[in-house]
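[1] Quick one, fold the following:
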Amino acid sequence: MRQCDLCVIGSGPAGQRAAIQAAKLGKSVVLVERRDVIGGVAVNTGTIPSKALREAILSMVHRQSAMPQVDDFRKAREYGFRELVKSADRVVDAEIDIVQRHMRSNGVVVLHGVARFEDPHVVVVEGAYATERIQAEHVLVATGTEPAKPDNIAFDEQTIITSDEILRLPTLPHSMIIVGGGVIGTEYASMLSVLGVKVTLIEGRPRILEFVDGEIGEALQYHLRQEGMTLRLGEKVVKISRIEATPGARTMDNAMAEAMLESGKTVRADSLLYAIGRQGATAELALDRAGLTADSRGRLKVNEHFQTDVGHIYAAGDVIGFPALASTSMEQGRSAACHMFGKHVDPVSRLLPYGIYAIPELSMVGWTEERLTEEGIPFESGVAQYREIARGQLLGDDIGMLKLLIHQESHAILGVHVIGTGATELVHIGQCAMAFGATVEYFVNAVFNYPTLAECYKTAALNGLNKLRGV
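    Next up, the predicted model:
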């Protein structure tokens, strides 16, 4: 039996950071990954592949701006989907190599196989050629999530698929139904639309990305409709079926997908991407043998130190639920490793940035207008349009926008919301200002490089202060 201080189950962002942090503290670490390659969902099927595809699309249409125009769409339709995926695969392979090197350089032992608990301190790893037992002082469950697959939907990995299969399609479908207007559904809908796919996005709520600031979300919806996407909002899907293709349909295997809506409408397309919900990947862990129980969605409950109900077993990353971001998962894994070995670490910040890598991209940190209104907090907004900024003109981004939410009395910055080129980078300037308690006057008095998109902060700050002064 192999002995170690820490056994990490799962090699995604949380597992990686926990393993490395524990190794830096001089502890012996075994990392278990059920896939043949390391990196977890983030590297293999989720974050990195989808973002690599997005960058390949933007590179293909020869634009630095994330705002493709009509000519760009024409070029995209003429390009092969598999060539784009190959480009994304190169990025994935490079990331896997980086993770492997980090593990080797820190002395982390990596085992490939399916892990399950034998008891609270023993993990059994069933590999392709051998089974190994590991006795660990501490265990971290960082198995992440997998797409939810309701039993009443006949998934076939080609006509009716999840996000795990989309990059394995041999060719792009002519049309696609995407069920779910959350982050995954919206990102893929925008990318496929740029590639010329006729996308119908169905969302049961009144708008997509409901957690995003309303004004920013409406701007995205307007842009997606301008691209030719059909948005069916406030519509619920009651049945999904695989049907025989209609005459003239350009399908791969003479089949189509059909979605029946609660309103009585029927929508058909060459394929359907189901993007509603993800399930904690805990079904194979035999949690009961460790004294643990997952909730109905396979997630584990933890305390502020990421400990489960069994004190020496921790959990981090998407498997514990909200916020389920790669960025926060990294910090959760690091914090868990520090706590289990007695090293002080500050709590994970509650000031979390969100990045949605649609085309165009969105990002936010802090409060939304809707939440401030609901809580009765007096605020004013300051807005800068990219088209007002020289850098925005240089990039050809004429719908980009940055919005500051400002407390009416203290002038504290309550939220930052961005849509357009570089949004996920630009938001961190506001995040830092908020973390250090800066007021909007900081941006008024700051000097920014010219021309840059960062100038949006000064313009938005001036706009907000002018509104507060009634001028």
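
[2] Relative to the host helix or strand of L404, what are the paired strands and their orientations?
    Element membership of L404, judged by DSSP states H and E, is strand 401-407. As defined by DSSP bridges, the strand partners of strand 401-407 come to strand 379-385 (antiparallel), strand 413-419 (antiparallel).

[3] what's stretch 295-307 in contact with?
    By Cβ atoms under 8 Å, 6 or more residues apart in numbering, the residues outside stretch 295-307 that reach it are 141, 145, 148, 277, 279-283, 287, 292, 294, 308-309, 313-316, 319-321, 332, 335-336, 339, 347. Heads up, the C-betas are built off the backbone N, CA and C, glycines and all.

[4] go again using 6 Å as the cut-off
    279-280, 282, 294, 308, 314-316, 319-321, 332, 336, 339 (Cβ atoms under 6 Å, 6 or more residues apart in numbering).

[5] how about low-confidence regions in the stretch 151-300 of the chain?
    Along the stretch 151-300 of the chain, the parts satisfying pLDDT under 70 run over 248-252.

[6] all strands for it, in order.
    160-161, 175-179, 198-203, 230-233, 237-244, 255-261, 266-269, 271-274, 278-280 (DSSP state E, counting those that start in this stretch).

[7] Using CSV, write out the CA atom coordinates for the longest one.
    The C-alpha coordinates for strand 237-244 follow below in CSV (Å, rounded to 0.1, in the frame of the first residue of the first chain):
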residue,chain,number,x,y,z
VAL,A,237,-38.4,22.7,-23.5
VAL,A,238,-40.6,19.8,-22.5
LYS,A,239,-39.4,17.1,-24.9
ILE,A,240,-36.2,16.5,-27.0
SER,A,241,-36.3,13.8,-29.7
ARG,A,242,-34.1,12.5,-32.5
ILE,A,243,-36.2,12.4,-35.7
GLU,A,244,-35.7,11.4,-39.3
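
[8] ok so, going back, of the strands paired with strand 401-407, which is nearest P206?
    strand 413-419 (18.5 Å; Cβ to Cβ).

[9] need the next SSE after that closest one, C-terminal direction.
    Downstream of strand 413-419, the first helix or strand assigned by DSSP H and E is helix 423-435.

[10] what is the orientation angle of that next one with strand 413-419?
    With axes from the mean of the first three to the mean of the last three Cα atoms, to 10 degrees applied, the angle from helix 423-435 to strand 413-419 works out at 180 degrees.

[11] for helix 423-435, packing partners?
    If you count contacts as 3 or more Cβ pairs under 6 Å, 6 or more residues apart in numbering; DSSP states H and E, helix 423-435 packs onto strand 353-356, strand 362-366, strand 413-419.

[12] which outside residues touch it?
    351, 353, 355, 361-363, 365-366, 413, 416, 418, 442, 453.

[13] Deepest-packed of the helices and strands packed on helix 423-435, please.
    strand 413-419 (a mean of 27; mean count of other Cβ atoms under 10 Å).

[14] Only alpha carbons, please: show that one as PDB.
    Extracted C-alpha coordinates of strand 413-419, given in PDB (Å, rounded to 0.1, in the frame of the first residue of the first chain):
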ATOM      1  CA  ILE A 413     -17.400  51.900  -6.600                       C
ATOM      2  CA  LEU A 414     -20.000  49.100  -6.200                       C
ATOM      3  CA  GLY A 415     -19.700  47.300  -9.500                       C
ATOM      4  CA  VAL A 416     -17.900  47.200 -12.800                       C
ATOM      5  CA  HIS A 417     -19.500  45.700 -15.900                       C
ATOM      6  CA  VAL A 418     -17.900  45.400 -19.400                       C
ATOM      7  CA  ILE A 419     -18.900  44.100 -22.800                       C
END
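
[15] returning to that earlier point: looking at the helices and strands packed on helix 423-435, spot the one closest to Q21.
    Of the helices and strands packed on helix 423-435, nearest to Q21 by Cβ to Cβ is strand 353-356, at 21.9 Å.

[16] Starting from the closest one, tell me which strands it pairs with and how they run.
    Using DSSP bridges, the strands paired with strand 353-356 are strand 362-366 (antiparallel).

[17] can you list contacts of the next helix-or-strand element following the partner strand?
    Once strand 362-366 ends, the next helix or strand along the chain (criterion: DSSP H and E) is helix 369-375. If you take Cβ under 6 Å, 6+ apart as the criterion, helix 369-375 is touched by D213, G214, F379.

[18] I appreciate the help and will end here.
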